[in-house]
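Visitor: need a structure here:
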Amino acid sequence: MIDAADLRTFKQIAAEMPAFTYHRLRYLWDNREKNGTQAFQVFVMIGNIRMVVKPNLDAWVTQKVNGRTN
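Guide: Numbering: from 1, shown residues only. Got it, this is the predicted structure:
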């Protein structure tokens, strides 16, 4: 279940987390099947508005960082 307090617009996330620009979030949205954000349910649509579930974005980033092999 998604808590409404965890939802952010792309512009809000870009302001809170400078690593994710508005355009980078749009790119992640467009490629959500390939990059794994769909499996983490990072993005949801409410009407015509694309929203980010912040805890799911944090979990996805953590998985990406921990899953890297150098």
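Visitor: from here on, just use CA atoms for contacts and neighbour counts.
Guide: OK.
Visitor: count the residues that sit near Gln41.
Guide: 16 (other CA atoms under 10 Å).
Visitor: list phi and psi for the residue lying closest to it once chain neighbours are set aside.
Guide: The shortest distance from Gln41 to any non-neighbouring residue, by CA to CA, 6 or more residues apart in numbering, is to Asn56 (6.5 Å). Comment: the main-chain dihedrals of Asn56 come out as phi -70, psi -40, following degrees, to the nearest 10.
Visitor: Asn56 contacts Val42, correct?
Guide: Yes - in this structure, Asn56 is within contact of Val42 by CA atoms under 8 Å, at 5.1 Å.
Visitor: strands of the protein, start to end?
Guide: Assigned by DSSP state E, the strands in the chain fall at 7-9, 43-46, 49-53.
Visitor: between those strands, which gets nearest to Thr62?
Guide: When the strands of the chain are ranked by proximity to Thr62, the top entry is strand 49-53, at 14.4 Å, counting by CA to CA.
Visitor: buried residues in that closest one?
Guide: Applying a neighbour-count criterion of 16 or more other CA atoms under 10 Å, the buried positions in strand 49-53 are 51-53.
Visitor: ok, stretch 26-37 next?
Guide: Residues of stretch 26-37 classed as buried under the neighbour-count rule (16+ other CA under 10 Å) are 28-29, 32, 37.
Visitor: who has more neighbours, Asn56 and Val42?
Guide: Counted by other CA under 10 Å, Asn56 and Val42 do not tie: Val42 has more neighbours, with 22 against 18.
Visitor: now the strands of the chain as TSV including distance to Thr21 and mean pLDDT?
Guide: TSV is the format used below for the strands of the chain (distance: least, CA to CA, whole Å; pLDDT from 0 to 100):
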stretch	distance to Thr21	mean pLDDT
strand 7-9	12	97
strand 43-46	15	96
strand 49-53	13	97
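Visitor: can I get these in a markdown table with distance to Glu16?
Guide: Rendered in a markdown table, the data for the strands of the chain read as follows (distance: least, CA to CA, whole Å):
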| stretch | distance to Glu16 |
| --- | --- |
| strand 7-9 | 10 |
| strand 43-46 | 16 |
| strand 49-53 | 12 |
